[in-house]
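K.L.:
Mind looking at a prediction? Sequence and model below.
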Amino acid sequence: MPADDDSSSTGRTAADAVTWPVRVAAAWTWRVLLIGVGVYILGRLFLRIELVSLSFVLALFLTAVLHPLERRLRRVLPGPRSLPAALSLLVGVAALAGIGWFVAWQISTHADQLGNQVTTFVDNTKHWLQTGPLHLKSSDLDKITTQITNTIKQHQGQLISGAIKTARTVIEVLGAILLILLSTFFLLRDGDQVWGFVLRWFPQQTRARIDHAGRVGWGTFGGYMRGQLLIALFHGVSVTIVLLVLRVPLAAALGVLIFLGSFIPLLGLTVAGALCVAVAGLEHGLTAAIVVGVAIIVLVQLEAHLLQPVIMSRSVELHPLAIALSVLSGTILSGIVGALIAVPLVAFLNTTVRALRAPPTALPPDAAPAEASEPEPTAEPSS
């Protein structure tokens, strides 16, 4: 008979031989994997209802910008809360519609001039390829032009199907705009009640901490959006002045594009700035393009070293590496919308998680449970 092993005599099992660091690593591993699976499932659900989800997120953006105006109007206009919310939303819609109309008007006004500049640029480029250091022959350039033309002709069917798809997209966009407007209105009017409803999903003993963290995170989110609005306005006005001094066509429209692009850190200002440099180069040559490029580089440095520390509070500030990774990740996942959402989302999560991890003594003395923090129901009927 084989002799009994040590484990049977001592009562120990194989699991007892696993060291404590390995057990900690294993515990962390399965929990991280479980969280990853949950995030993946949420991401798949988000993509299934992408139009609704993104519309609601954009409504949160608009609400964060318009919320201070709604609060001021509420003090001035007593009575039902629908009126201040509707007026605030009307102001936001009017501003966005005015920006869109102005850009379209500028482009339509200068379309012929810009088209002539593009034609001149193409002719000059063709002349340079023939007489410059490359010394390309006319026959080679004709072959390249013919290949491009044939490629377009061969893919006409795809272009038509793309046009049909674009028409469907327009319908979806109109529906998304309506959802954004409705969501923004109700968030402005009933934001406290919506937050109270969310809190009721959490255990009673954690509601005060979650309520505090959520309000701190929302304050950071709103502060970021309003601060970024001021920075974008500064960028747009500065670039417009430079372009007007150089007498670049579409100067005001390009300034608006700089304003909109500035809401996407790093990437937005770079793309819109490259367009400004290209238009300046088409109109006035290399010198004007260099001047515009230098002006945009100076704006980027001013934002990094002056505007961000002064306008943004310290709780909103993020490391440049975190901003770059957030923008690139958001762009890969959801394109332009993802790049727009990424940084404020990271700022919100950063502040919220820090508030959740704060010790109970760090909570404000007036932090009340969810039931006490919820507002009294108004006499106004729900829509």
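P.N.:
Thanks, I have it.

K.L.:
Every contact and neighbour count from this point should use C-alpha atoms.
P.N.:
Noted.

K.L.:
show me where pLDDT drops low in the stretch 151-300 of the chain?
P.N.:
Residues of the stretch 151-300 of the chain meeting the criterion pLDDT under 70: 151-168.

K.L.:
Would you state the strands of it in chain order?
P.N.:
In the stretch 151-300 of the chain, no strands are found when defined by DSSP state E, counting those that start in this stretch.

K.L.:
Check P359 and give its pLDDT.
P.N.:
As predicted, P359 sits at a pLDDT of 69.

K.L.:
swap in the one 10 residues further on?
P.N.:
Per-residue confidence at P369 stands at 42 (pLDDT).

K.L.:
List the buried residues for stretch 279-294?
P.N.:
V279, A280, G281, L282, E283, A288, A289, V291, V292, G293 (16 or more other Cα atoms under 10 Å).

K.L.:
Go ahead and produce CSV holding the CA coordinates of it.
P.N.:
Listed next in CSV are the C-alpha coordinates belonging to stretch 279-294 (Å, rounded to 0.1, in the frame of the first residue of the first chain):
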residue,chain,number,x,y,z
VAL,A,279,-8.0,78.3,-48.1
ALA,A,280,-5.4,81.0,-47.2
GLY,A,281,-2.8,79.3,-49.4
LEU,A,282,-5.2,79.1,-52.3
GLU,A,283,-6.1,82.8,-52.1
HIS,A,284,-2.7,84.5,-51.2
GLY,A,285,0.0,81.9,-51.6
LEU,A,286,2.4,80.2,-49.2
THR,A,287,3.1,83.3,-47.0
ALA,A,288,-0.5,83.7,-46.0
ALA,A,289,-0.8,80.0,-45.3
ILE,A,290,2.3,80.1,-43.0
VAL,A,291,0.9,83.1,-41.2
VAL,A,292,-2.4,81.4,-40.5
GLY,A,293,-0.6,78.2,-39.5
VAL,A,294,1.5,80.1,-37.0
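
K.L.:
what sits against the nearest residue to T331 once chain neighbours are set aside?
P.N.:
Among residues not flanking T331 along the chain, A339 sits closest, at 4.7 Å (Cα to Cα, 6 or more residues apart in numbering). Taking Cα atoms under 8 Å, 6 or more residues apart in numbering as the definition of contact, the neighbours of A339 are I264, S326, V327, L328, S329, G330, T331.

K.L.:
so can I have TSV of those residues showing secondary structure, neighbour count and distance to G227?
P.N.:
Formatted as TSV, these follow (DSSP: H, G, I helix; E, B strand; the rest coil; neighbours: other Cα atoms under 10 Å; distance: Cα to Cα, whole Å):
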residue	secondary structure	neighbour count	distance to G227
I264	coil	24	13
S326	helix	22	18
V327	helix	25	18
L328	helix	16	21
S329	helix	15	23
G330	helix	19	21
T331	helix	18	22
